[in-house]
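Colleague: fold the following.
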Amino acid sequence: MRRVLLVSSDRELSEGLVSSGLSGGSLRVVSSCSRLGDLPGAVSTDLDAVLVDEDVVRSREQASKVLEACRGLPVYLLVGSGGDPVEVWRRARAAGFAGVAPRSGDAFLVAQALDGVRPAAGAAPQVPGGAVPAAGVAARAVPEAVPAGGPGAAFPPRGEAAVRPAPPEVGAERRVTPVAAGPLDRALGWRGGGAEEPAGERVLVAKQEVVCVFSPKGGVGKTALATNLAAALRPAGVRLRVCLVDFDVERSGVARALGLPQSVSLVDWAELPSESADVVREYTVEYRPGLRVLPAPLRFEDALRVGVELAERVIDLARRAFDVVVLDTGGSLKEDVAVVCLERATRVIVPCTLEAPSMSMVVDAQRVLAQLGVLDRALLVVNQAPRNPQVSLEDVRRYLREDFVRWPRVIPYDAQARSVMARCELPVLVAPSCPFAREVRALASELVPVLEARPRGLLGRLFRR
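Modeller: From the prediction side, this is the model:
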């Protein structure tokens with residue numbers, strides 16, 4: 001049992017760690033404080049470690065004060081998703097922290113990360129979110145390097161505007177795209193930092209998939225499902241290239257949900273300098289290694305330029321450059337763009353809630369999906385299902401076709417997931433043990449099965465992208 005001191009101003013995070021630690025596990029929060037000034041008085045000799053929220057440590061000087069006040073105790077930094085996890089670990093180590101752990105209210109998840117953040121020489125670290133490299137997958141060694149900005153520079157200054165570099169000309173050396181990092185940074189003032197593709201096996205998908213997430217009704221979690229599904233399609237140690245495209249031009253919900261900068265958008269793909277896969281990938285925003293996002297335009301005049309021709313071009317180019325493409329569409333089948341997304345998709349996800357208005361619109365959409373010839377590719381996903389719903393699944397089956405609801409996926413109501421997404425975080429990354437994250441990961445593995453390794457020899461060379 002690890003006895004820890006928690007330093008965080010997030011009351012919800014503190015209460016989650018305390019309550020989950022009391023219910024069993026190997027981590028117990030014995031004391032906590034919300035300000036750095038109270039830290040010296042809270043440190044005691046019976047502690048095993050100190051957990052410090054990333055939102056408390058905002059500068060090199062504050063990191064030094066925390067380490068000095070902890071009197072030699074191992075100090076771990078609680079960090080959110082986003083950014084290169086290896087680079088975050090390196091910077092935390094260079095600043096003097098013992099390691100990093102996920103910024104989660106799940107004590108078991110945090111304790112599991114603490115057990116894995118003391119790598120031996122040449123070993124890969126535990127990454128934020130509790131993910132560990134898959135067995136048999138080669139992991140990149142992480143040297144004790146000093147981060148950019150000099151010794152002790154744990155993180156870039158908060159609030160600085162991060163400008164994404166212009167895509168390179170054809171034949172030019174590829175540039176590194178900034179990566180979003182930290183919940184408040186993404187929500188209030190996006191901060192970037194270079195990242196490289198982490199080590200791991202390049203794999204082949206059994207079949208390249210274009211997954212379209214469509215709902216005729218708003219407020220059912222369509223964008224939340226699309227963003228988390230895109231992140232879950234690339235588990236630890238599997239180096240798939242995933243692209244999330246936001247075709248919901250009326251809301252631009254993906255960029256807002258992830259706190260991404262508006263550096264590129266759909267309209268930039270109308271006139272690319274080249275259609276090569278490398279250039280196509282440069283005209284996206286990297287949310288985390290392996291997951292790139294093509295946001296919808298924010299300006300009204302740019303949104304009017306998104307039509308059928310551009311939608312077809314975007315989907316075709318994305319399929320050439322990525323292994324899996326996830327499309328977040330608008331909610332109206334009257335829009336030609338939504339019809340293009342549905343017709344080009346290999347799988348269609350229809351999220352809904354167990355409420356009469358939502359199910360009524362799904363019944364109407366079922367007829368249109370059948371007319372488009374995509375109903376056989378559609379899967380009904382009941383999102384945030386309460387214990388006592390207004391409409392039961394038995395009632396739903398009376399109005400929907402059997403091939404549509406044969407294996408419906410039901411995601412139960414999850415307050416922790418909703419709280420995480422309210423901070424511009426993804427539950428599949430920062431709270432992987434919550435019910436929402438578990439169901440989304442199961443859905444992802446069902447939609448896009450992957451082979452264990454890239455085939456070597458003739459077939460591997462023929463199908464290499």
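Colleague: tell me which helix or strand of this structure sits lowest on mean pLDDT?
Modeller: helix 183-188 (a mean of 42; mean pLDDT, DSSP states H and E).
Colleague: domain assignment for this structure?
Modeller: 1-157+175-180, 201-462 (automatic domain parsing).
Colleague: lowest mean pLDDT across the ones you listed, which one is that?
Modeller: Mean pLDDT per stretch puts domain 1-157+175-180 lowest among the domains of the chain, at a mean of 68.
Colleague: separation between the closest residue to residue 336 other than its chain neighbours and residue 316?
Modeller: Spatially, and ignoring its direct neighbours in sequence, residue 336 is nearest to residue 308 (4.8 Å; C-beta to C-beta, 6 or more residues apart in numbering). For the C-beta atoms, the positions are set from N, CA and C on the backbone; glycine is no exception. Using C-beta to C-beta, to the nearest Å, residue 308 is found at 13 Å from residue 316.
Colleague: ok so, going back, possible to save the domains of the chain as JSON lines with mean neighbour count?
Modeller: Shown next, in JSON lines, are the domains of the chain (neighbours: other C-beta atoms under 10 Å):
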{"stretch": "domain 1-157+175-180", "mean neighbour count": "18"}
{"stretch": "domain 201-462", "mean neighbour count": "19"}
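Colleague: what's the first helix or strand after the biggest helix by length in the chain?
Modeller: In the chain, assigned by DSSP state H, the helix with the most residues is helix 356-372. For helix 356-372, the following helix or strand on the C-terminal side (DSSP states H and E) is strand 378-385.
Colleague: show me where the stretch 351-465 of the chain has its strands.
Modeller: Taking DSSP state E, counting those that start in this stretch as the criterion, the stretch 351-465 of the chain carries its strands at 378-385, 409-412.
Colleague: closest to residue 43 out of these?
Modeller: Checking the strands of the stretch 351-465 of the chain against residue 43 by C-beta to C-beta gives strand 409-412 as the closest, at 40.0 Å.
Colleague: so what are the sheet partners of that closest one and their directions?
Modeller: strand 378-385 (parallel) (DSSP bridges).
Colleague: residues in contact with the partner strand?
Modeller: 220-221, 224-225, 347-354, 362, 369, 393, 396, 400, 404-405, 407-414, 418, 436, 443 (C-beta atoms under 8 Å, 6 or more residues apart in numbering).
Colleague: ok, stretch 350-366 next?
Modeller: Contacts of stretch 350-366 (C-beta under 8 Å, 6+ apart): 213-217, 219-222, 225, 333, 369, 375, 378-386, 389-393, 395-396, 399-401, 404.
Colleague: please apply the same query to stretch 390-403.
Modeller: So stretch 390-403 is contacted by 354-356, 359, 362-363, 366, 370, 375-376, 380, 382, 405, 408, 410 (C-beta under 8 Å, 6+ apart).
Colleague: swap the cut-off to 7 Å and go again
Modeller: Here stretch 390-403 makes contact (C-beta atoms under 7 Å, 6 or more residues apart in numbering) with 354, 355, 356, 359, 363, 366, 375, 376, 405, 408.
Colleague: wait, which of these is closest to residue 261?
Modeller: Using C-beta to C-beta, residue 355 is the member of these that lies nearest residue 261, at 35.2 Å.
Colleague: now the closest one: how far from residue 397?
Modeller: 16 Å.
Colleague: swap in residue 14?
Modeller: Taking C-beta to C-beta as the measure, residue 14 falls 44 Å from residue 397.
Colleague: confirm residue 231 sits in a strand?
Modeller: No: looking at residue 231 with DSSP: H, G, I helix; E, B strand; the rest coil, it is helix, so not inside a strand.
Colleague: who's in contact with it?
Modeller: 291, 426, 428, 429.
Colleague: does residue 34 touch residue 9 like I think?
Modeller: Yes: assessed by C-beta atoms under 7 Å, residue 34 is found in contact with residue 9 at 4.5 Å.
Colleague: what is the helix or strand encompassing residue 279 packed up against?
Modeller: Using DSSP H and E, residue 279 sits in helix 277-282. Here helix 277-282 is seen to pack against helix 308-321 when contacts are counted using 3 or more C-beta pairs under 7 Å, 6 or more residues apart in numbering; DSSP states H and E.
Colleague: rerun that using 10 Å as the cut-off
Modeller: When contacts are defined as 3 or more C-beta pairs under 10 Å, 6 or more residues apart in numbering; DSSP states H and E, helix 277-282 sits against strand 291-294, helix 308-321.
Colleague: put the alpha carbons of the longest one into CSV.
Modeller: It stands for helix 308-321. Extracted in CSV, the C-alpha atoms of helix 308-321 (Å, rounded to 0.1, in the frame of the first residue of the first chain):
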residue,chain,number,x,y,z
VAL,A,308,-20.0,17.1,-52.3
GLU,A,309,-16.9,17.5,-54.5
LEU,A,310,-14.7,18.5,-51.6
ALA,A,311,-16.1,15.8,-49.4
GLU,A,312,-15.3,13.1,-52.0
ARG,A,313,-11.8,14.4,-52.4
VAL,A,314,-11.1,14.5,-48.7
ILE,A,315,-12.3,10.9,-48.1
ASP,A,316,-10.3,9.6,-51.1
LEU,A,317,-7.1,11.4,-50.1
ALA,A,318,-7.5,10.3,-46.5
ARG,A,319,-7.9,6.7,-47.4
ARG,A,320,-4.6,6.9,-49.3
ALA,A,321,-2.7,8.4,-46.4
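Colleague: for that helix, the distance to its chain's centre please.
Modeller: Centroid separation for helix 308-321 versus its chain: 23 Å, with C-alpha atoms, centre = their mean, to the nearest Å.
Colleague: and what of the shortest one?
Modeller: Distance of strand 291-294 from the chain centroid (C-alpha atoms, centre = their mean) equals 10 Å.
Colleague: any idea which helix or strand comes after that strand?
Modeller: Next along the chain from strand 291-294, counting by DSSP H and E, comes helix 300-303.
Colleague: now do the helices in the stretch 201-350 of the chain.
Modeller: Remark: helices assigned in the stretch 201-350 of the chain by DSSP state H, counting those that start in this stretch are 222-232, 253-258, 277-282, 300-303, 308-321, 336-344.
Colleague: need these in a markdown table (columns: distance to residue 265).
Modeller: Conversion of these to a markdown table gives the following (distance: least, C-beta to C-beta, whole Å):
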| stretch | distance to residue 265 |
| --- | --- |
| helix 222-232 | 16 |
| helix 253-258 | 8 |
| helix 277-282 | 14 |
| helix 300-303 | 6 |
| helix 308-321 | 11 |
| helix 336-344 | 14 |
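Colleague: out of these, which comes closest to residue 18?
Modeller: Nearest to residue 18 among these is helix 222-232 (26.3 Å), distances taken as C-beta to C-beta.
Colleague: mind exporting the closest one as CSV, just the C-alpha atoms?
Modeller: The C-alpha coordinates for helix 222-232 follow below in CSV (Å, rounded to 0.1, in the frame of the first residue of the first chain):
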residue,chain,number,x,y,z
LYS,A,222,-22.0,11.7,-31.6
THR,A,223,-18.8,13.8,-31.4
ALA,A,224,-17.8,12.3,-28.1
LEU,A,225,-18.1,8.8,-29.5
ALA,A,226,-16.2,9.8,-32.7
THR,A,227,-13.3,11.3,-30.9
ASN,A,228,-12.9,8.5,-28.3
LEU,A,229,-13.4,5.9,-31.0
ALA,A,230,-10.6,7.4,-33.1
ALA,A,231,-8.3,7.4,-30.1
ALA,A,232,-9.2,3.8,-29.2
